[in-house]
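Chemist: got a sequence here, can you model it:
(one chain, ligands or ions: 1)
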Amino acid sequence: VSTTTADILAGLDLSDRTFAITGASSGLGRESARALAGAGAHVVLVARRSDALTKAESRIREEFPDAQLSLVALDLTSLASVHSGAAQIAERAPQLHGLINNAGVMFTPFGRTSDGFEMQFGTNHLGHFELTRLLLPQLRAADGARVVNLSSDGHRIADLDLDDPNWERRDYDKFAAYGASKTANVLHAVELGRRLADDGICCYAVHPGMVATALARHMDADDVTTMTSMGRDKDTELPELLRPEVGASTQLWAAVSPTPPGGVYLADCAVSAAEPYAVDPHRAAELWTLSERLVG
Ligand SMILES: NC(=O)c1ccc[n+]([C@@H]2O[C@H](COP(=O)([O-])OP(=O)(O)OC[C@H]3O[C@@H](n4cnc5c(N)ncnc54)[C@H](OP(=O)(O)O)[C@@H]3O)[C@@H](O)[C@H]2O)c1
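Modeler: Numbers count the residues shown, from 1 in each chain. You can find the predicted model right below:
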């Protein structure tokens, strides 16, 4: 399937809607921001570095000089930064029609966030868990808001260990830690969707496909071999990497399609099947309780 962001937004006037996108400085986030701004939406670009934010802003303005853009610096590896960033987003977006939790890191060497969480779980899940919780009033104030978590088919690499989410009692495995964090992104969407159903807010977890972005910055040649052999028959050819205009189409479909998609896990602009452990409602509720405890 090669649906593009332009195909998804064709004919839509989003000039009365506001979206916030984390990781808007690169890859899928930058493409999503560009496309939404081009359709007239007010887009809050969220990224961790101010210089990257202004660069992303100028790129969009070159193409759409009248784009409605706001910039918020926020580092997901620090809960203090998530709190101050969320307050700035709330100020610029009293009504938030879509929150795209897109930022992420992959296969990072062992590390801990400022608050002591394992880096991939802390960045990809806990930072976004807290950001979403803080922005609930703004999401509720919009009619039929959407929350879109960027997950990955990489969630199939590993389940999340709810008894040791921060890798305190096991040897660190960067592949399994990425898989666990992406499983957490799906479980988060499941429980969030259940909690917000009465508010008319729909929540999704998206696999964008294999997309040519800077995400593989922590991979060396051996990592590429390990990853590409996972779950694959050696004789089948690797799929070609998608352009960000194609890769970002599913997250925009989740965020704007006039009829909300009727499932939690989406890929190729369609409802798709996640691993059973990633959509188990009991585990989703357990992760919610655990996340609340961890972010305090
Ligand atoms: N590309 C793929 O094939 C693929 C496949 C499956 C899933 N995904 C998911 O898609 C999402 C977007 O990835 P991408 O491919 O567009 O990668 P990317 O080009 O590396 O973009 C990731 C973005 O996340 C930001 N980010 C990283 N750590 C952050 C932090 N601590 N605080 C705030 N922002 C932070 C990065 O900002 P900096 O530039 O400051 O680091 C960057 O803007 C990720 O969640 C990824 O897991 C991608």
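Chemist: so what's the residue of the stretch 101-250 of the chain found nearest the ligand closest to, chain neighbours aside?
Modeler: Scanning the stretch 101-250 of the chain for proximity to the ligand using CB to the nearest ligand atom identifies residue 104 as nearest, at 2.4 Å. Bear in mind the C-beta positions are built from the backbone N, C-alpha and C, glycine included. If the residues on either side of it in the chain are set aside, residue 104 comes closest to residue 124, at 4.8 Å by CB to CB, 6 or more residues apart in numbering.
Chemist: then residue 116?
Modeler: With CB to CB, 6+ apart as the criterion, residue 116 has its nearest non-adjacent residue at 7.3 Å, and that residue is residue 166.
Chemist: quick one: buried residues of the lengthiest helix in the chain?
Modeler: Taking DSSP state H as the criterion, the chain has its longest helix at helix 174-196. By neighbour count with 16 or more other CB atoms under 10 Å, helix 174-196 contains the buried residues 174-193, 196.
Chemist: can I get it as CSV, trimmed to CA atoms?
Modeler: Below are the C-alpha coordinates for helix 174-196, written out as CSV (Å, rounded to 0.1, in the frame of the first residue of the first chain):
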residue,chain,number,x,y,z
LYS,A,174,18.3,-3.3,23.8
PHE,A,175,16.2,-5.2,21.3
ALA,A,176,13.8,-6.6,23.9
ALA,A,177,13.7,-3.2,25.7
TYR,A,178,12.6,-1.5,22.4
GLY,A,179,10.0,-4.3,21.9
ALA,A,180,8.7,-3.9,25.5
SER,A,181,8.4,-0.1,25.1
LYS,A,182,6.5,-0.5,21.9
THR,A,183,4.2,-3.1,23.6
ALA,A,184,3.7,-0.5,26.3
ASN,A,185,2.6,2.0,23.6
VAL,A,186,-0.2,-0.4,22.5
LEU,A,187,-1.3,-1.3,26.1
HIS,A,188,-1.4,2.5,26.9
ALA,A,189,-3.7,3.1,23.9
VAL,A,190,-6.0,0.2,25.0
GLU,A,191,-6.5,1.4,28.6
LEU,A,192,-6.6,5.1,27.6
GLY,A,193,-9.3,4.3,25.0
ARG,A,194,-11.3,2.5,27.6
ARG,A,195,-11.1,5.3,30.1
LEU,A,196,-11.9,8.1,27.6
